[in-house]
Every structure is written in C-alpha cells, then in structure tokens.
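S.K.: make a model of this:
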Amino acid sequence: MSFASEVSVYVGRVREFERRDWAGYFAWVGLMAWLTASSAGFLLVGHGHGMRFPAEAWMVPAGAAIFSASIALDSIGHRTRYRQELRGAEGLVHAITIACGIASCVLLCAAYSKRELLWIPALVATLLSFFYSFVDEALHWKRYSRGRSDRVEMWSHVGILAGHATMMLGWWSWFFRGYPGVGETLRFL
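M.R.: Sure, this is the predicted structure:
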C-alpha cells in the first residue's frame, strides 16, 4: 500500500470516534491550535505596531503549528487502532509528557515578569517534556518493530518532535535574549 493510501486509511478511522473521543481529540488538538493562534496573534499585533521581533520568536507559532498538525494526525490512531496500547505505560508517558509540556509553556510565559524565580522550573519542565518524549519514542519504535504500529504513526511522531523542538528552542532563545518586543506589544493589548 502506498503511503498516501496508508494516510487515507489512518485518517478515515475518525469514523470510529465516539463522543468521548471527539471531546478528548478537540481538547488536546484545540489546546495546541490555540497556542499556535495566540502566539502568532501576539506577534502579529506587535508587528502591526512596528515591533521587530527576533527570528526565533516566530519559531514559537511555527513550531506549534507543526506540532498541532502532527498531533491532529497521531491522535486519530491513539483513539482508535492503538487505544489499548495507551491504557498502559504508553498512556502514562503521554500524560507526563503533556503535563510537563504545558507546565513549561505556562512557566515560560510567567517568567516574563518573574524571570529569576521561574526560569529554572520552566527549564526543568521543558527538559522533562523532552525526556518523556524520547521515552515515548522508544515505546513507539518497540511497537513498530513488532508490527504493532504503522508508518503514519511513526512519521507523525517525527512532526511532533520537530514541532516541539522548534517551538521550545525558539522560545528559550527568545527568553534568554530578554523577550525583545514583548513589553512593547503588551501595551497594545
């Protein structure tokens, strides 16, 4: 089967979704889409008022968009074909990764005004989110090597890691430069 056909079959599994699957899917994908839109919107408001953000600031919404699209695809399999796999260790790893990832974003935002207090917890949460992402990848590769996963799921994880890394490395670089443009943009909101 061609990869395009595999993607079509994979996406077609949304027909198997029940109400709870749609709720969970839209909550998770919606949260990340909101992060994409809100970070892009913030930068566009600043840009519209003459702010010149460093290039890495634009990596936040760019990475979030890649991450969002990738989890939108990956989550279909998680709520259908791979549902049982996520009831065990893999599900716990996902929960830890998500909790650490959300904490890192919240703490990085809060570190704008409480830099000295919050940058270390933000960094710890970021590192933990990456550590558990790699644990998750090990679990996925183990399943794939045993024929209990497919190429679509594996490629969606490439997008997840690429988007997450782009977003977070851009965000941290922007943070370490002192968040240029943020203070000025906040005056317009």
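
S.K.: host element of the residue nearest the centre of the chain?
M.R.: Geometric centre of the chain, nearest residue: Phe67, 4.4 Å, by CA atoms, centre = their mean. Counting by DSSP states H and E, the element that carries Phe67 is helix 55-78.

S.K.: show me what that helix is packed against.
M.R.: The contact analysis (3 or more CB pairs under 8 Å, 6 or more residues apart in numbering; DSSP states H and E) places helix 55-78 against helix 3-12, helix 19-48, helix 151-176. C-beta here means a position set from N, CA and C on the backbone, and glycine is covered the same way.

S.K.: return the most buried member of those helices.
M.R.: Mean neighbour count (mean count of other CB atoms under 10 Å) peaks for helix 151-176 among the helices and strands packed on helix 55-78, with a mean of 19.

S.K.: following element in sequence after that one, please.
M.R.: Next element after helix 151-176 (DSSP H and E): helix 182-186.

S.K.: and that following helix, what does it pack onto?
M.R.: Helices and strands touching helix 182-186, by 3+ CB pairs under 8 Å, 6+ apart, are helix 19-48.

S.K.: against which helices or strands is the helix it packs on packed?
M.R.: helix 55-78, helix 89-110, helix 182-186.

S.K.: can we see that at 6 Å?
M.R.: Helix 19-48 is packed against helix 55-78, with contacts defined by 3 or more CB pairs under 6 Å, 6 or more residues apart in numbering; DSSP states H and E.

S.K.: ok now the helix it packs on, how far from the chain's centre?
M.R.: Taking CA atoms, centre = their mean, to the nearest Å, one finds the center of helix 55-78 at 5 Å from the center of the full chain.

S.K.: stretch 130-144 too?
M.R.: Centroid displacement of stretch 130-144 relative to its chain, using CA atoms, centre = their mean, is 15 Å.
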